[in-house]
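S.K.: quick one, fold the following:
(one chain, ligands or ions: 2)
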Amino acid sequence: MKQTEMIHVEETTARPEQMADVLEGCCEDILEEYERRLRDIDSPLLAEAETREQLKVQARAVIRDAVGILRGQPLSAYQEDSLSRRIGISRASSRFRASESLRAGVQLFDSALLLVVEKLPPDASQGDVAQVASAIQRSMMYRIARAWASYNEHLLRQVHESHTDERRRISRELHDRVANSLAVVHQNLGLYETLRDGNRSRAEEKLRLVRGVTQDALASARELSAELRRSVVREGLEVALSNLIPAIVPRNTQALVSVKGDEALIPDYVKDELFLILREALRNAVAHSKANQIRIELSTDPCQVYAAVFDDGQGFNPGGKGFAPGTGIEAMKERAHLLGGTCDVLPESGAGTRVEVWVPLERGR
Ligand SMILES: Nc1ncnc2c1ncn2[C@@H]1O[C@H](COP(=O)(O)OP(=O)(O)OP(=O)(O)O)[C@@H](O)[C@H]1O
Ligand SMILES: [Mg+2]
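M.R.: Numbers count the residues shown, from 1 in each chain. Ligands and ions are numbered 1, 2, ... in the order given. As a prediction, this is how the structure comes out:
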């Protein structure tokens with residue numbers, strides 16, 4: 001059932017109508033002051049044209065609604081719902097932190113109050129100012145709450161997708177490494193039966209092949225099952241990363257893991273996601289770089305975790321010839337974003353690739 005939320009101004013002795021006129025009259029000045037303040041604080045929300053435009057439309061709507069509140073007009077909960085919803089989704093998908101929107105909100109509130117106070121009639125009371133402030137705050141909180149809900153919903157959907165991707169990867173490995181070997185076994189057992197009576201030596205050859213392939217399939221199944229059972233949380237990141245090396249790095253490539261700081265400072269869910277990010281960076285180095293040396297470094301303090309994977313391979317040129325975008329780099333960035341951090345893949349042509357991950361911890365947020 002479609003609900004309607006009503007927001008009313010409480011009875012006071014002040015003159016809300018007059019205050020509404022003052023607020024409405026300085027709307028354009030407020031928007032100008034707001035943009036100037038956002039530039040002063042170097043808000044990343046100004047960097048993209050789409051976000052810049054959204055800020056303006058949203059700020060205008062906040063003031064219009066605040067004017068409406070002062071005039072005693074009811075606010076329908078579904079009025080403008082789509083704007084706040086779109087803003088929430090686009091901020092989450094452009095990887096803006098939620099705190100940037102709150103920082104912008106504070107600037108809008110301060111700009112509006114500053115300009116209203118300047119334009120107040122000489123007989124205005126503290127009650128008048130309080131009433132305008134309350135109307136702006138309500139109007140803003142109303143929109144922030146809506147945008148916040150869709151921002152979170154979008155992030156939850158991304159978490160779900162990244163778990164689905166992980167399941168897809170395991171299913172692909174089961175198919176490629178185990179099911180394909182079993183198909184070879186099945187086919188060669190058939191050939192063995194056909195050749196057994198007429199060509200004994202070729203039949204024996206098929207049997208030897210079947211033995212070899214069965215052993216490989218068994219090893220792959222064990223590796224995959226160990227990977228699924230592996231608990232980064234129980235083992236710790238240093239051990240989990242060190243165990244990963246013999247499983248995926250070829251013997252002729254040198255690989256090192258170094259961990260500085262106390263891992264116990266890192267919450268379990270951060271450890272899990274960091275492991276998946278670093279594993280993809282390592283897989284990429286192994287699959288694409290032709291490196292002789294790969295280094296994984298991790299350092300942590302109570303405020304943040306910093307991790308990097310370096311390889312001395314051939315590097316690559318994103319968007320250049322021969323570059324084929326996959327899902328790995330995108331997934332690493334998404335996972336880091338979900339933790340409120342960043343992941344940069346920095347290829348240096350001919351000089352290898354550096355993947356840098358930064359995640360703030362509770363005390364650093
Ligand atoms: N360390 C690296 N050295 C050289 N090239 C790299 C490196 N990491 C990534 N690349 C290049 O970037 C491309 C995209 O990497 P990405 O991980 O997104 O996809 P992928 O590894 O090809 O496939 P998948 O979706 O299975 O991860 C790779 O195909 C490769 O060309
Ligand atoms: Mg990859």
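S.K.: low-confidence bits of the protein, can you list those?
M.R.: 1-14, 75-81, 349-350, 363-365 (pLDDT under 70).
S.K.: the biggest helix by length in it near ligand 1 anywhere?
M.R.: Taking DSSP state H as the criterion, the chain has its longest helix at helix 126-173. No - using CB under 6 Å from any ligand atom, helix 126-173 stays clear of ligand 1, coming no nearer than 7.6 Å. Any C-beta I mention is one placed from the backbone N, CA and C, and that applies to glycine too.
S.K.: check which element follows that helix along the chain.
M.R.: Helices and strands here follow DSSP states H and E; after helix 126-173, the next one along the chain is helix 180-195.
S.K.: how about that following helix: buried residues?
M.R.: Within helix 180-195, the residues scored as buried using 16 or more other CB atoms under 10 Å are 181, 184-185, 188, 191-192, 195.
S.K.: closest one of these to R202?
M.R.: R202 has its nearest neighbour among the buried residues of helix 180-195 in L195, at 5.0 Å by CB to CB.
S.K.: tell me how many other residues surround the closest residue to that closest one other than its chain neighbours.
M.R.: Leaving aside its sequence neighbours, L195 sits nearest to A203 (CB to CB, 6 or more residues apart in numbering; 3.8 Å). By other CB atoms under 10 Å, the residues close to A203 number 17.
S.K.: just the element for A203, please.
M.R.: In this structure, A203 sits in helix 200-229 according to DSSP H and E.
S.K.: how much space between E48 and ligand 2?
M.R.: Distance of E48 to ligand 2, given as CB to the ion, to the nearest Å: 27 Å.
S.K.: over to Q107?
M.R.: Computed as CB to the ion, the Q107 to ligand 2 distance reads 40 Å.
S.K.: and the nearest residue to that residue once chain neighbours are set aside, its phi and psi?
M.R.: Among residues not flanking Q107 along the chain, R37 sits closest, at 4.3 Å (CB to CB, 6+ apart). Note on R37: its backbone torsions stand at phi -70, psi -40 [degrees, to the nearest 10].
S.K.: likewise S258?
M.R.: Backbone geometry at S258, expressed as degrees, to the nearest 10, gives phi -130, psi 130.
S.K.: the host helix or strand of A331: which residues count as buried?
M.R.: Counting by DSSP H and E, the element that carries A331 is helix 328-338. For helix 328-338, the neighbour count (16+ other CB under 10 Å) marks 328-329, 331-338 as buried.
S.K.: what of stretch 53-70?
M.R.: By neighbour count with 16+ other CB under 10 Å, stretch 53-70 contains the buried residues 54-55, 58-59, 61-63, 65-70.
S.K.: G320: which of those residues is nearest?
M.R.: Among these, Q54 lies closest to G320 (CB to CB), at 32.8 Å.
S.K.: now do the contacts for the closest one.
M.R.: For Q54, the contact set (CB atoms under 8 Å, 6 or more residues apart in numbering) comprises 83, 86-87, 90.
S.K.: of those residues - the most surrounded one?
M.R.: Tallying neighbours with other CB under 10 Å puts I87 at the head of those, with 23 neighbours.
S.K.: circling back to that earlier point, which elements pack onto the longest helix of the chain?
M.R.: Packing contacts for helix 126-173, counted by 3 or more CB pairs under 8 Å, 6 or more residues apart in numbering; DSSP states H and E, involve helix 16-25, helix 49-70, helix 81-93, helix 98-119, helix 200-229, helix 328-338.
S.K.: mind checking which of those helices is nearest S134?
M.R.: Proximity to S134 (CB to CB) singles out helix 49-70 among the helices and strands packed on helix 126-173, at 8.3 Å.
S.K.: now do that closest one and helix 16-25, the angle between them.
M.R.: Calculated by axes from the mean of the first three to the mean of the last three CA atoms, to 10 degrees, helix 49-70 forms an angle of 160 degrees with helix 16-25.
S.K.: check which helix or strand covers V309.
M.R.: Under DSSP H and E, the secondary-structure element containing V309 is strand 304-311.
S.K.: which other residues reach that strand?
M.R.: Strand 304-311 has contacts (CB under 8 Å, 6+ apart) with 266, 270, 274, 277-278, 281-282, 285, 289, 291, 293-300, 341, 352-361, 364.
S.K.: please apply the same query to stretch 33-41.
M.R.: Contacts for stretch 33-41 (CB under 8 Å, 6+ apart): 45-46, 55-56, 59, 103-104, 107-108, 110-112, 114-115.
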